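1. next input, structure requested:
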Amino acid sequence: MTWLKAQFQKQFAGGPAIAAAFEQPVDGYSVTVLFGPSGCGKTTILRCLAGLERPDRGSIAFRDQVWFDSANGLNCSPQLRGVGYLFQEHALFPHLTVAQNIAFGLRGRPPNQLQRQVAEMIAAFELQSLENRLPRQISGGQQQRTALARVLIRQPRLLLLDEPLSALDSLLREQLRIELRRRLAEFKIPAVIVTHDRTEAIALADQVVVMDRGEVLQTGPVAEVFSKPINLRVAQLVGVDNVTRVKVLAIEDGLPRIQIGTQSLLAVGTAQPGTFASACIRAEDVVLQRAAGASSSVRNQLPGQVLSMTNEGPLVRVEVDCGFALQILVTKAAVNDLELTVGTRVFVLLKASAIHLV
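-> Residues are numbered from 1 along each chain as shown. Sure thing, here's the model as predicted:
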């Protein structure tokens, strides 16, 4: 297996040092998402990978080629790196048609070859009948596909995408997340994507790199990072819905028993009796029922009452008082099946593995 290995720092005058520290397999399709709030250094790392910024120290290696090595004074040009870079605003040329924009990166190729490759990309990205339109004459989603086709027609070894969906409205973003993931898989090109959108990171990433203030806080598979943050700051950044201060009462069969509100629950984590910790519970990891689950193996089963309900697109956020306030995400179908309204009596089923202590 071959890798992209990034271990470098970039310091701007008057600003924080931005440090990259991650690896990504690049034998085929894989997506690493740089995730964090605006201004934390994600785009700077992307630009350093592309060769558009020069780090102050460290190294960048792709497969068997060293792109940057401060110790040896080596810094490959963007052209030699062979990366594709998709900017946040798509950067389409407003005076060129869709076909001309896609062909721009292949200037100098024989006309027959150029026409064939452009036609293949137009078909692959379902842009037929739009070839002769200008960017202002097509939709935001079609602009995004045109920009991606223009990058991919050059067959880059690594694809870098800076907030690729942020310029689109929320409904279109939701539709294009799935399409973007599918497109990247089809072309089998490793990608590094910058985003501050939690849903986008979950939908696109194989691996996520959580950043804040120029520092990498946690790296790992997306499901692991979002469900098991290593500290309270990461839990806040990845949007864990329920973070509550708890006291560790005892250790039972290797699991911490914690005091949370008026309830005593089993959780997962490393803790000592008598100490305090923060319990992280994702809203989607909680199950609601109208009656206790007598046949269920879930050991944490709590009676509660619905305090509030808020629509969030296809889901409903339900707040339940079960000895402590708990945010739960359920489908609208579940709301109807359970006949949930404010004041409804319910039972909360919460696996120990769904309560992560930090």
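2. ok now stretch 336-345, how far from the chain's centre?
-> How far stretch 336-345 lies from its chain's middle: 33 Å, per C-alpha atoms, centre = their mean, to the nearest Å.
3. for that stretch, buried residues please.
-> By neighbour count with 16 or more other C-beta atoms under 10 Å, stretch 336-345 contains the buried residues 338, 340, 344. Quick note: C-beta positions are derived from backbone N, CA and C, even for glycine.
4. quick one: end-to-end distance for that stretch.
-> Terminal residues of stretch 336-345 lie 15 Å apart, using C-alpha to C-alpha, to the nearest Å.
5. the stretch 201-350 of the chain: helices as residue ranges?
-> Applying DSSP state H, counting those that start in this stretch to the stretch 201-350 of the chain gives helices spanning 222-227, 232-237, 332-338.
6. can I get the ones you listed in JSON lines including mean pLDDT and distance to Asn112?
-> Formatted as JSON lines, those follow (pLDDT from 0 to 100; distance: least, C-beta to C-beta, whole Å):
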{"stretch": "helix 222-227", "mean pLDDT": "92", "distance to Asn112": "43"}
{"stretch": "helix 232-237", "mean pLDDT": "94", "distance to Asn112": "51"}
{"stretch": "helix 332-338", "mean pLDDT": "95", "distance to Asn112": "54"}
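7. please tell me how far Ala223 sits from Ala205.
-> Taking C-beta to C-beta, to the nearest Å as the measure, Ala223 falls 9 Å from Ala205.
8. out of those two, which sits in the more crowded spot?
-> Neighbours were counted for Ala223 and for Ala205 using other C-beta atoms under 10 Å; Ala205 has more, 24 against 12.
9. now the more buried one. Nearest residue, chain neighbours left out?
-> Val33 (3.8 Å; C-beta to C-beta, 6 or more residues apart in numbering).
10. packing partners of the longest helix anywhere in the chain?
-> Looking across the chain with DSSP state H, the single longest helix is helix 170-187. On a contact count with 3 or more C-beta pairs under 8 Å, 6 or more residues apart in numbering; DSSP states H and E, helix 170-187 meets helix 140-152, helix 198-204.
11. next, the distance between the ends of stretch 254-270.
-> End-to-end distance for stretch 254-270, by C-alpha to C-alpha: 9 Å.
12. what does it contact?
-> For stretch 254-270, contacts defined as C-beta atoms under 8 Å, 6 or more residues apart in numbering pick out 244, 246-252, 271, 277, 279, 299-300, 302, 322-325, 350, 352-353, 355-358.
13. and that stretch, what's buried?
-> Within stretch 254-270, the residues scored as buried using 16+ other C-beta under 10 Å are 255-258, 260, 263, 265-269.
14. phi, psi of Arg81?
-> As for Arg81, its main-chain torsions (degrees, to the nearest 10) stand at phi -80, psi -30.
15. related to what we said a few turns ago, with distance to Leu96 added, can I get the buried residues of stretch 336-345 in JSON lines?
-> Shown next, in JSON lines, are the buried residues of stretch 336-345 (distance: C-beta to C-beta, whole Å):
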{"residue": "Leu338", "distance to Leu96": "55"}
{"residue": "Leu340", "distance to Leu96": "54"}
{"residue": "Thr344", "distance to Leu96": "58"}
